[in-house]
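A predicted structure for the sequence below; I have some questions about it.
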Protein chains: 2
Amino acid sequence: MATLADVARRAGVSTATVSRIINNSPKPVAEALRERVLAAVAELQFVPNANAQQLARADRTAVGVIVHDVSDPYFAEITRGLQRVATDHGRLVIICNSYRDPERELAYVDLLHAHQTAAIVLAGSGYVDAPITARLDGKLRLYQSTGGRVSVIGRHEHAGDAVVPENEPGGYLAGDALYRLGHTAIGVIAGPRHLTTTTDRLAGLRRAAKEHGHRLGAKQVIYADFDRNGGAAAAATLLEQNPALTAIAALNDSMAVGALACLRERGIDVPGQVSLIGFDDMPISVDVTPPLSTVRLPLEEIGIRAMSLALRDGDRDGPLVEHAAAKLVLRGSTAAPPRP
Amino acid sequence: MATLADVARRAGVSTATVSRIINNSPKPVAEALRERVLAAVAELQFVPNANAQQLARADRTAVGVIVHDVSDPYFAEITRGLQRVATDHGRLVIICNSYRDPERELAYVDLLHAHQTAAIVLAGSGYVDAPITARLDGKLRLYQSTGGRVSVIGRHEHAGDAVVPENEPGGYLAGDALYRLGHTAIGVIAGPRHLTTTTDRLAGLRRAAKEHGHRLGAKQVIYADFDRNGGAAAAATLLEQNPALTAIAALNDSMAVGALACLRERGIDVPGQVSLIGFDDMPISVDVTPPLSTVRLPLEEIGIRAMSLALRDGDRDGPLVEHAAAKLVLRGSTAAPPRP
DNA sequence: ACCCCCTAGGTAAGCGCTTTCCCGGCAGGT
DNA sequence: ACCTGCCGGGAAAGCGCTTACCTAGGGGGT
């Protein structure tokens, strides 16, 4: 493995000179030397050791991103936004998947801290779990105190800048749409109980119910995994427990798609017999049949904004909180309930 | 920012002792000291500087992954497999998106090399471009010569271990299925010309055509972006250029879904009037209407195997090449051509 | 009682780079 | 011709950690 010193020796100059040329530092260097050094670099196929550079330099350059799972389309979209901004700024991004495991998330914060990343972007739902939240917050603050920047998506409760998707208003939008269509027997397919995304969206739904003079009973809300299979299973349970159901609200599109499959399998017409609404507006939503009504969250933009916040100059003005509006998107999966 | 030395001072011991305790090295340390040091670590909230550790230690631990785009479901699935194995081995993975830009890919290899990653996994199609391939190969070999391990997915032509998805046989499977159903006027929606994935899959399709006494003319093959919109646009062109078309083969499912949307929009029944077959068997495929016939590639498993190869002990036995079989999955989007 | 060896802990030499500080030499001013 | 002021380049001091090597002290064997 060729080192800076090897290159210097080869070119007959000091390591200082090589370093200056490689990093094209402001300090001027004679053209002849520069060429000789560059030639030596090429011959030796020198690749600087990034760890040594990081150690010697003061500046931090990479940024860390912690998401639940990049392979989940929800995070994939956010990540695309994050990446784009980071790349534009010439930053390397390190992506870490927590797989919704709080402990792993804590470990990753330490890891990114240890690697001297310039910033940490925390995407994905928070946990309804005070001790965990406190520990995470502690680690985040420590990281900030050493000069790291923090930006979170959702999880307003943490230190640092935040862009928060309007989950509660979005839930309200979905519920309101259903009630306005005339539905009264509504079932909800919720995500895991301990995620704030679940609780927030559900709160919006409950608010809509209340406003229309209804309430969501225990049998009307099924908690399941935030994916297709979770949605399918929950839909089955819902149907069983509430034979008179005329509408289902799923707390994300993956679950809605699963529910749709379940409905199709049982020969239940959507939206003729049962209406279905999702959340997030994933790319798939438009390609299923019927196309899914949903609540749109501008995910890529959320990623863009979160990374912009993470990379902004300083926080002289204190932490910034931005909101990302939810928008109702009505497509083919919702209609008025059937006449009895 | 607390350092090792701070902790040592606080605990009244040498840095060597602190280091040994933190890394719980085999060297025995008195219990009293250990406790004192651990206490100091906690009080100071010490987080070791990973860059310094990396520099001082010989071992490399992180592994790098270069994919086209994690937010593309194809790569998302592969990445999930990669991650799983890496995590099981306690390795951090650094994910880099090349966005199908060869130059960026080259830059990332350097970057991962510079960061002293233990291995680089290169996922995603190669480029039909000799100079690029040669440069990439050079960088990869250099990296290997410094002790890095390389494992590639597809791209058999490069140094290092490889797991190669059977793209050509898969293409053949798709073509053969269509011809067997009785189709003779087949259109192909291909990916970008310069990707080997495109050329390989297309080659399989051509072989099937030939075997059935046909050939794919220039008008029957449209090259487009490897995504939904590319597929939709290509389908439109195909239909226009070949009014008698009874079947379309798309070189991946995203494009197939786009084509499906285009067909639906024009009121063309699938598979009644036109049959459609995709490639990859993405999760969506089963949720569109009609469910998509496709050629299944075990993507997550491919990721698992690629990372296992990257992490295996040594290459005393020379580079290993494994194949991942393609499998035909017939669902609702293919049928015999309509009777004229 | 003496010696030796083992053990726990410390000392210090790097790991590969950046950057400050210093030095020698050249040009320009008087 | 001499001094001053620059300017290009090198020496060396770190950056924060690991680890080979060394040392002091205590226990056991004879």
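Received, thanks. Numbers count the residues shown, from 1 in each chain, chains lettered A, B, ... in the order given.

C-alpha from now on. contacts and neighbour counts both.
OK.

got the contact list for residue A:161?
A:150-152, A:306, A:309-310, A:319-321 (C-alpha atoms under 8 Å, 6 or more residues apart in numbering or on different chains).

Looking at pLDDT only, which of the residues you listed scores worst?
Lowest pLDDT of those: residue A:319, 86.

from what I can see that residue touches residue A:163, true?
No - look at residue A:319 against residue A:163 with C-alpha atoms under 8 Å: they stay out of range, at 10.7 Å.

Looking at the two, which is more packed in?
A side-by-side neighbour count of residue A:319 and residue A:163, using other C-alpha atoms under 10 Å in any protein chain shown, places residue A:163 first with 24 against 15.

any idea how far DNA strand C is from the nearest residue to that one once chain neighbours are set aside?
The spatially closest residue to residue A:163, leaving aside those adjacent along the chain, is residue A:322, at 4.5 Å (C-alpha to C-alpha, 6 or more residues apart in numbering or on different chains). With distances defined as C-alpha to the nearest atom of the strand, to the nearest Å, the gap from residue A:322 to DNA strand C amounts to 34 Å.

Ok, residue A:212 next?
For residue A:212, the distance to DNA strand C under the criterion C-alpha to the nearest atom of the strand works out to 63 Å.

same question, residue A:234
Separation of residue A:234 from DNA strand C (C-alpha to the nearest atom of the strand) stands at 55 Å.

Look at that residue and give its secondary structure.
helix (DSSP: H, G, I helix; E, B strand; the rest coil).

Tally up the residues packed near residue A:330, please.
17.

for the nearest residue to it once chain neighbours are set aside, phi and psi?
Sequence neighbours aside, residue A:293 is the residue nearest to residue A:330 in space, at 4.5 Å (criterion: C-alpha to C-alpha, 6+ apart). The phi and psi torsions at residue A:293 (degrees, to the nearest 10) take the values phi -70, psi 150.

doesn't residue A:333 make contact with residue A:293?
Yes - the pair residue A:293 and residue A:333 passes the contact test of C-alpha under 8 Å, sitting 5.5 Å apart.

Might you report the residue contacts of residue A:34?
Contacts were defined as C-alpha under 8 Å, 6+ apart; by that measure residue A:34 touches residue A:21.

ok, now how distant is residue A:304 from DNA strand C?
From residue A:304 across to DNA strand C, the span is 29 Å (C-alpha to the nearest atom of the strand).

Is that residue in contact with residue A:85, as I believe?
Yes - under the criterion of C-alpha under 8 Å, residue A:304 is in contact with residue A:85, at a separation of 6.0 Å.

which one of those two has more residues nearby?
A side-by-side neighbour count of residue A:304 and residue A:85, using other C-alpha under 10 Å, places residue A:304 first with 21 against 18.

And the pLDDT for that one?
The predicted local confidence for residue A:304 comes out at a pLDDT of 97.

Helix or strand: which one has it?
In this assignment (DSSP states H and E), residue A:304 forms part of helix A:299-311.

ok, back up a step: look at the residue nearest to residue A:330 and report its pLDDT.
The per-residue pLDDT reported for residue A:293 equals 98.

how about it, what does it touch?
Residue A:293 is in contact with A:276-278, A:285, A:328-334, counting by C-alpha under 8 Å, 6+ apart.

so what's it bridging to?
Beta-bridge partners of residue A:293, counted by DSSP bridges, are residue A:277.

separation between it and residue A:281?
Residue A:293 is 8 Å from residue A:281, where distance means C-alpha to C-alpha, to the nearest Å.

and what of residue A:256?
Residue A:256 is 11 Å from residue A:281, by C-alpha to C-alpha.

Same check on residue A:227?
Using C-alpha to C-alpha, we find residue A:227 at a distance of 14 Å from residue A:281.

got it, and residue A:132?
30 Å.

and if you look at residue A:303?
Counting by C-alpha to C-alpha, the gap from residue A:303 to residue A:281 is 15 Å.

Looking at those two, which one has more neighbours?
Neighbours per residue (other C-alpha under 10 Å) separate residue A:303 from residue A:281, with residue A:303 holding more: 27 against 23.

Verify the stated contact: the more buried one with residue A:75.
No - the criterion here is C-alpha under 8 Å, and residue A:303 misses it with residue A:75 at 9.1 Å.

in the stretch 201-340 of chain A, which spans are strands?
Taking DSSP state E, counting those that start in this stretch to define them, one finds strands in the stretch 201-340 of chain A at A:221-223, A:247-250, A:275-277, A:294-296, A:321-324, A:327-329.

Name every strand pairing with the fifth one and say which way it goes.
For strand A:321-324, the paired strands and their directions (DSSP bridges) are strand A:161-165 (parallel).

next structured bit after the partner strand?
Next element after strand A:161-165 (DSSP H and E): helix A:167-180.

mind saving the C-alpha coords of that next one as PDB?
Written as PDB, here are the backbone C-alpha positions of helix A:167-180 (Å, rounded to 0.1, in the frame of the first residue of the first chain):
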ATOM      1  CA  ASN A 167     -49.100  12.800  10.300                       C
ATOM      2  CA  GLU A 168     -51.900  13.900  12.500                       C
ATOM      3  CA  PRO A 169     -53.500  16.300  10.000                       C
ATOM      4  CA  GLY A 170     -52.900  13.600   7.300                       C
ATOM      5  CA  GLY A 171     -54.800  11.100   9.400                       C
ATOM      6  CA  TYR A 172     -57.600  13.600   9.800                       C
ATOM      7  CA  LEU A 173     -57.700  14.100   6.100                       C
ATOM      8  CA  ALA A 174     -58.200  10.400   5.500                       C
ATOM      9  CA  GLY A 175     -60.800  10.000   8.100                       C
ATOM     10  CA  ASP A 176     -62.700  13.100   7.100                       C
ATOM     11  CA  ALA A 177     -62.800  12.000   3.500                       C
ATOM     12  CA  LEU A 178     -64.300   8.700   4.500                       C
ATOM     13  CA  TYR A 179     -66.900  10.200   6.800                       C
ATOM     14  CA  ARG A 180     -67.900  12.800   4.200                       C
END
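
Can you name every helix or strand that that helix contacts?
With contacts defined as 3 or more C-alpha pairs under 8 Å, 6 or more residues apart in numbering or on different chains; DSSP states H and E, the packing partners of helix A:167-180 are helix A:196-211, strand A:247-250, strand A:294-296, strand A:327-329.

which residues sit against the second one?
Which is strand A:247-250. A:174-175, A:178, A:183, A:185-190, A:231, A:256, A:274-279, A:337.

Filter the residues you listed down to just the buried residues.
The neighbour count (16 or more other C-alpha atoms under 10 Å in any protein chain shown) marks A:174-175, A:178, A:183, A:185-190, A:231, A:256, A:274-279, A:337 as buried among these.

got the residues of chain A near DNA strand D?
Remark: the part of chain A in contact with DNA strand D comprises A:12-17, A:27-30, A:33, A:52, A:55-57, using C-alpha under 7 Å from any atom of the strand.
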